[in-house]
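Chemist: no FASTA, just this:
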């Protein structure tokens with residue numbers, strides 16, 4: 001059994017309540033702090049504390065890619081914002 005899941009009464013519940021999101025096509029002129037600040041504003045005060053910028057690196061097209069570790073709630077907020 002995967003250590004990230006716990007089976008109870010034939011239902012699976014997630015133990016790990018965090019997720020990783022890759023933010024693509026970030027302008028090359030933006031800094032890691034600017035991107036992190038914008039993400040925290042997007043998710044609101046309640047979830048902002050869960051945001052952790054893991055890395056920010058150049059992409060092949062000249063922009064940047066950020067890897068963000070966050071709560072599943074904040075991750076869903078970010079994903080819903082892009083729809």
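Modeler: Yep, that arrived. Just so it is clear, the structure is predicted and the values come from calculations on it, not from any experiment.
Chemist: Run a quick neighbour tally on residue 64.
Modeler: 21 (other CB atoms under 10 Å). Where you see a C-beta, it was placed from the backbone N, CA and C, and this is true even at glycine.
Chemist: right, and the helix or strand after the host helix or strand of residue 53?
Modeler: Here residue 53, judged by DSSP states H and E, is contained in strand 52-58. Next helix or strand after strand 52-58 toward the C-terminus (DSSP H and E): strand 64-71.
Chemist: Could you point out the helix or strand that follows that following strand?
Modeler: helix 72-81.
Chemist: average pLDDT for that following helix?
Modeler: For helix 72-81, mean pLDDT rounds to 87.
Chemist: Name the residues that touch it?
Modeler: Defining contact as CB atoms under 8 Å, 6 or more residues apart in numbering, one finds that helix 72-81 is touched by 14, 17-19, 21, 23, 39, 42-44, 47-48, 50-51, 68, 70.
Chemist: how does it look with 6 Å?
Modeler: 17, 19, 21, 42-43, 47, 50 (CB atoms under 6 Å, 6 or more residues apart in numbering).
Chemist: Could you work out the most separated pair of those?
Modeler: 17 and 42 (19.2 Å; CB to CB).
Chemist: With neighbour numbers in mind, choose between those two.
Modeler: residue 42 (14 against 10).
Chemist: which SS class is the more buried one?
Modeler: Three-state assignment for residue 42 (DSSP: H, G, I helix; E, B strand; the rest coil): helix.
Chemist: Let me see the confidence value for it.
Modeler: For residue 42, the model assigns a pLDDT of 91.
Chemist: one step back: using CSV, lay out the contacts of helix 72-81 together with distance to residue 81 and secondary structure.
Modeler: Conversion of those to CSV gives the following (distance: CB to CB, whole Å; DSSP: H, G, I helix; E, B strand; the rest coil):
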residue, distance to residue 81, secondary structure
17, 20, coil
19, 15, strand
21, 11, strand
42, 6, helix
43, 9, helix
47, 12, helix
50, 16, coil
